[in-house]
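1. Sequence first, predicted model second:
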Amino acid sequence: MSNSRPYSVADDLALALRLATLADEITLARFMSLDLVIETKPDSTPVTDADKAVENAIREVLAIERPNDLIVGEEFGGVDALTGSTTSAGNKPHYWVIDPIDGTKNFLRGIPIWATLIALSSPNNEVIAGAVSAPALYRRWYAGKNLGAHVLENGEQRTIRVSQVSALDNAQLAYSDLIGWGSRKAAFLDIQSTVWRTRAFGDFWSHMLVAEGAVDIAVEPSLSLWDMAALEIIVREAGGTFTNLEGVPGSHGGSLVTSNGKVHKEFLSRINQPKSSQGSKG
């Protein structure tokens, strides 16, 4: 199926960047707006009229530009189509994964750490193009398979690479919060106490800082596909490693560990160690 696709990765990445520009126009116009409409979803998380407007706008463009591709979005769904009978075996198409505003709670509180996440995955679930656009931070990260990872910052583009820190004790670790770690919480707190530095940057930003080489490892105990897909290709193309907490690569694992690759194995070993051996490190 992928061999018959009439678009190159560069074509798809260019489209993702156009979609990111479209999203920026909508989100910046609504950021810190006094008439922002906020609703609560069934999972108790907030959604704004800006989230819905961005996803709708992206879907409208993709319906024209890539009519044969599927779309998975945080606000209007599509995940079920990936596992349906019509998409099994060789019939599964490429699919776009959209998070219209990653960091909605920041967005509605006037905190500038939020972004639109756009990714394209092949039928075998390999992300091949992605963009993370954070206009309130004046940054946009993007990557395509075999095209490298880049950041556009204040209008200037540069290629990014992960760090070379080789020991977890010397690493800077980023995370969102302490909620959701469950039985791994004690191990995580133990790791926090021994690494060089920890910062709760949170959301997409932690993982983009890994790709830039400013942070050595970033972790999240619970994430959805749309939270991760765009991050995956950027981290990988920057030379990093992208797995869940069990060490399984990809964006479908429900949790996330991104790193420079050099400290990844040690982190996974320690976060998954039996409770009886936790706290034994000095």
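-> All right, it came through fine.

2. buried sites along stretch 104-114?
-> For stretch 104-114, a neighbour-count test (16 or more other CB atoms under 10 Å) marks 104, 106-108, 113-114 as buried. Yep, even glycine has a C-beta here, placed from its N, CA and C like the rest.

3. how about those, which pair is most distant?
-> L108 and I113 (12.3 Å; CB to CB).

4. now the buried residues of stretch 104-114 as CSV including pLDDT and secondary structure?
-> Listed next are the buried residues of stretch 104-114 as CSV, based on pLDDT from 0 to 100; DSSP: H, G, I helix; E, B strand; the rest coil:
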residue, pLDDT, secondary structure
T104, 90, helix
N106, 93, helix
F107, 92, helix
L108, 90, helix
I113, 96, coil
W114, 97, coil
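
5. Which of the residues you listed sits closest to T198?
-> Among the buried residues of stretch 104-114, and counting by CB to CB, the member closest to T198 is I113, at 16.9 Å.

6. check contacts around the nearest residue to that closest one once chain neighbours are set aside.
-> In this structure, I113 finds its nearest non-sequential neighbour in N106, 4.9 Å apart by CB to CB, 6 or more residues apart in numbering. With contacts defined as CB atoms under 8 Å, 6 or more residues apart in numbering, N106 is in contact with 112-114, 203.

7. now S163
-> Contacts of S163 (CB under 8 Å, 6+ apart): 213-216, 260.

8. for the stretch 51-200 of the chain, what spans make up the strands?
-> 70-73, 95-102, 115-121, 127-134, 139-144, 148-153, 156-159, 172-174, 197-199 (DSSP state E, counting those that start in this stretch).

9. how about those strands in a markdown table, adding distance to T21 and mean neighbour count?
-> Output for these, formatted as a markdown table (distance: least, CB to CB, whole Å; neighbours: other CB atoms under 10 Å):
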| stretch | distance to T21 | mean neighbour count |
| --- | --- | --- |
| strand 70-73 | 18 | 20 |
| strand 95-102 | 14 | 27 |
| strand 115-121 | 10 | 30 |
| strand 127-134 | 8 | 27 |
| strand 139-144 | 9 | 26 |
| strand 148-153 | 11 | 19 |
| strand 156-159 | 14 | 9 |
| strand 172-174 | 27 | 23 |
| strand 197-199 | 30 | 14 |
